[in-house]
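Participant: I need the structure of the sequence given here:
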Amino acid sequence: MESKGCHSLRGRNVPRRGRAAPVVVLGAALAAALALPAAAQGLRQWQDAAVASDPALAGAEAQQRAGAERAEQAAAALRPSVSLGASASRTDYHDLTGLSQPPDRDFSTRQYALSLNQPLYRPVPWQALQQSRVAVDALEAQRDAVHADLLQRLVGAFFELQAVRSDLVQLRGQRQATAEQLALARRSFDAGTVSIVDVRDAEAKFDAVTAQEAAAEMERQAKEAALEQVVGQRVQVPGAGLPPAEAPDLGEADLARWLDLAESGSPVVRQARLALAVAQLEVRKMQAGSLPTLDFSLSQQSVRAGATTVSALPQSGRFVQAGLNLNVPLYAGGGLDARVREAVAQEDKATADLEAARRQVGGAVRQAFYAALGAIAQFRGLQAAERSAETALAANRRGYEVGVRIGADVLAAQSQLYQTRRDKARAGYEAWAQFFRLKTAAGAAGEEDLARIDGLFAPAASGVALAAAAPAPAYPGLIRRLRLTQSAR
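Facilitator: Predicted structure coming up:
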């Protein structure tokens, strides 16, 4: 019966003892490759590349420059204007009555005029100038909002990629441990200490983990492409794909403090508040259309003319004129009142938009705050669960060695440990991602946060952690015992 089982096992195209070693070597080589430095790339370097290539940010910056030029145009309406004019003409005159002597006469005229106009009181251009300056600030806030969104997309794509890379590290370690368990089950089967069921369980688990690793590799490539799309160039991700060793600290975990910070620091709220100020100034500008205007003008004109029909002598002269020009609007067909009502309606809309922006930002702050708290709590809970899973795996291994546990128990405990590690890693990444999302929504994210995140995945630290986390060969005592048993036989 045993011989038949052995023959059936050898007939299957499955990894045997001689094929298990390359799997272990391959896993170690891949892990070592991940631990190599990444050419000093990180979020701060990627931020510069993303800022330089992001089309949405480029459009916001161009719009901000255009707004600054509109403010300059509004200021020009209140500055003096100077103009110079010149004209020259020639007249051929023929007297048909015959009374003029001579009847044919030619004469030319040249005129030069220099004029200056200085607005003294123009309420509409003055309000337009104030409005344009506030509009520039609103466009700057819009640009800051686009930049914050870009950083959020960059950090989010980075954490999504790191989570998948962490899954790969754990799956490779699990595949290595499963391959060793499979090799041990075959040796035990050859020694007659276990049944074929243990071998089949190990084979099924090895195939399942291999399939999961292949799917995770495809997901890693997709997440890396998504990160490169945000950055705008090829990236080399630093670190070994291991989870962060710590979760972010929310301080006193006071939601009201974050909401107050968002009210004053969020670029979305600031933009909406400035848009309301622009709408209010538009109302004042339209109301100022019924006010009088006063300008000062100064002009000088020089005329040089030849003989005319009135005088046979050439005429020339210079005229200097200065004056005040007052214009009082009386009635414009009701159009001015309609424009005022339109501006008031736009002010009401801007007020509603400000309230909507506050609610939107407040909702984003609350969502990120509670998501970060939940992820932090889950991360800390899974740290304890990981220790328990390690203890359970060690107990099942000892039970397998003495014969009170079967291979399926060891595989189940092993799967639970690696699943717990993957869940802990994803909880850690989620905690940091939501923490950065919280700071972005509150308008408090900056370069120091990117530097802090880069520090979590320093290549040197990750390499040390990877070496410490790499699974050691399983069951050395049991392997030695099996070898002694086979030698005795």
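Participant: for the longest strand along the chain, buried residues please.
Facilitator: As assigned by DSSP state E, the longest strand anywhere in the chain is strand 104-121. Buried residues in strand 104-121, counted by 16 or more other C-beta atoms under 10 Å: 105, 107, 109, 113, 119. Where you see a C-beta, it was placed from the backbone N, CA and C, and this is true even at glycine.
Participant: what does stretch 48-66 give?
Facilitator: Buried, per 16+ other C-beta under 10 Å, within stretch 48-66: 49-51, 54, 57, 60-61, 64.
Participant: can you list these in CSV and add pLDDT and secondary structure?
Facilitator: Converted to CSV, these look like this (pLDDT from 0 to 100; DSSP: H, G, I helix; E, B strand; the rest coil):
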residue, pLDDT, secondary structure
Ala49, 92, helix
Ala50, 92, helix
Val51, 92, helix
Asp54, 92, coil
Leu57, 94, helix
Ala60, 94, helix
Glu61, 94, helix
Gln64, 93, helix
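Participant: save the buried residues of strand 104-121 as a markdown table, and put in distance to Gly289 and pLDDT too.
Facilitator: Output for the buried residues of strand 104-121, formatted as a markdown table (distance: C-beta to C-beta, whole Å; pLDDT from 0 to 100):
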| residue | distance to Gly289 | pLDDT |
| --- | --- | --- |
| Arg105 | 52 | 68 |
| Phe107 | 48 | 72 |
| Thr109 | 41 | 84 |
| Ala113 | 31 | 91 |
| Pro119 | 15 | 93 |
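Participant: can you give me the helices for the stretch 201-350 of the chain?
Facilitator: 255-265, 267-287, 335-402 (DSSP state H, counting those that start in this stretch).
Participant: among these, which is the most enclosed?
Facilitator: The highest mean neighbour count among the helices of the stretch 201-350 of the chain, using mean count of other C-beta atoms under 10 Å, belongs to helix 267-287: a mean of 21.
Participant: elements contacting that helix?
Facilitator: Judged by 3 or more C-beta pairs under 8 Å, 6 or more residues apart in numbering; DSSP states H and E, the packing partners of helix 267-287 are helix 123-191, helix 335-402.
Participant: for the stretch 301-450 of the chain, give me the ranges with low pLDDT.
Facilitator: Across the stretch 301-450 of the chain, the ranges flagged by pLDDT under 70 are 306-315.
Participant: next one: the stretch 1-150 of the chain
Facilitator: Residues of the stretch 1-150 of the chain that meet the criterion pLDDT under 70 lie in 1-40, 95-105.
Participant: one more pass at 90, please.
Facilitator: The model of the stretch 1-150 of the chain has pLDDT under 90 over residues 1-45, 87-111.
Participant: quick one: closest of the helices and strands packed on helix 267-287 to Ser264.
Facilitator: Across the helices and strands packed on helix 267-287, Ser264 has its closest neighbour in helix 335-402 (11.0 Å, C-beta to C-beta).
Participant: what packs against that closest one?
Facilitator: Here helix 335-402 touches helix 255-265, helix 267-287, helix 407-441, helix 476-488, going by 3+ C-beta pairs under 8 Å, 6+ apart.
Participant: can you tell me the centre-most residue of the protein?
Facilitator: The centroid of the chain falls nearest to Leu150 when counting by C-alpha atoms, centre = their mean (2.0 Å).
Participant: where's that one relative to Arg422, distance?
Facilitator: Applying C-beta to C-beta, to the nearest Å, the value for Leu150 to Arg422 is 29 Å.
Participant: want to throw the helices and strands packed on helix 267-287 into CSV with distance to Asn327?
Facilitator: Output for the helices and strands packed on helix 267-287, formatted as CSV (distance: least, C-beta to C-beta, whole Å):
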stretch, distance to Asn327
helix 123-191, 11
helix 335-402, 14
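Participant: which one of the ones you listed lies closest to Leu261?
Facilitator: For the helices and strands packed on helix 267-287, the distance to Leu261 is smallest for helix 335-402, at 8.4 Å, taking C-beta to C-beta.
Participant: okay, the angle between that closest one and helix 267-287?
Facilitator: 180 degrees (axes from the mean of the first three to the mean of the last three C-alpha atoms, to 10 degrees).
Participant: what's the distance between Val344 and Leu291?
Facilitator: Relative to Leu291, and taking C-beta to C-beta, Val344 is found at 18 Å.
Participant: picking up where we left off before, what's the angle from the longest strand of the chain to helix 123-191?
Facilitator: Using the same axes, to 10 degrees: strand 104-121 against helix 123-191 is 60 degrees.
Participant: remind me what the strand or helix carrying Ala74 packs against, helices and strands.
Facilitator: In this assignment (DSSP states H and E), Ala74 forms part of helix 55-76. Helices and strands touching helix 55-76, by 3+ C-beta pairs under 8 Å, 6+ apart, are helix 123-191.
Participant: in space, what's closest to Gly443 - neighbours in sequence excluded?
Facilitator: Excluding the flanking residues, the one nearest Gly443 by C-beta to C-beta, 6 or more residues apart in numbering is Gly265, at 3.1 Å.
Participant: the one you found: what's it in contact with?
Facilitator: Taking C-beta atoms under 8 Å, 6 or more residues apart in numbering as the criterion, Gly265 is in contact with 442-444.
Participant: Leu261 now?
Facilitator: By C-beta under 8 Å, 6+ apart, the neighbours of Leu261 are 442-444.
Participant: let's have those in a markdown table, adding neighbour count and distance to Lys223.
Facilitator: Formatted as a markdown table, the contacts of Leu261 follow (neighbours: other C-beta atoms under 10 Å; distance: C-beta to C-beta, whole Å):
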| residue | neighbour count | distance to Lys223 |
| --- | --- | --- |
| Ala442 | 23 | 27 |
| Gly443 | 22 | 28 |
| Ala444 | 14 | 27 |
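Participant: what's Ala77 sitting at in phi/psi?
Facilitator: In terms of degrees, to the nearest 10, the main-chain angles of Ala77 are phi -70, psi -20.
Participant: hang on, isn't it packed against Ala128?
Facilitator: Yes - between Ala77 and Ala128 there is a contact under C-beta atoms under 8 Å: 7.0 Å.
Participant: higher neighbour count, those two?
Facilitator: Neighbours of Ala77 and Ala128, each counted by other C-beta atoms under 10 Å, are more numerous for Ala128; the result is 23 against 14.
Participant: Ala372 versus the nearest residue to Ser195 once chain neighbours are set aside, what's the distance?
Facilitator: By the measure of C-beta to C-beta, 6+ apart, the closest residue to Ser195 outside its immediate chain neighbours is Phe189, 7.4 Å from it. Phe189 sits 50 Å away from Ala372, going by C-beta to C-beta.
Participant: contacts for the longest strand of the chain?
Facilitator: Under the contact criterion C-beta under 8 Å, 6+ apart, strand 104-121 has outside partners 77-78, 80-95, 125, 292-309, 324.
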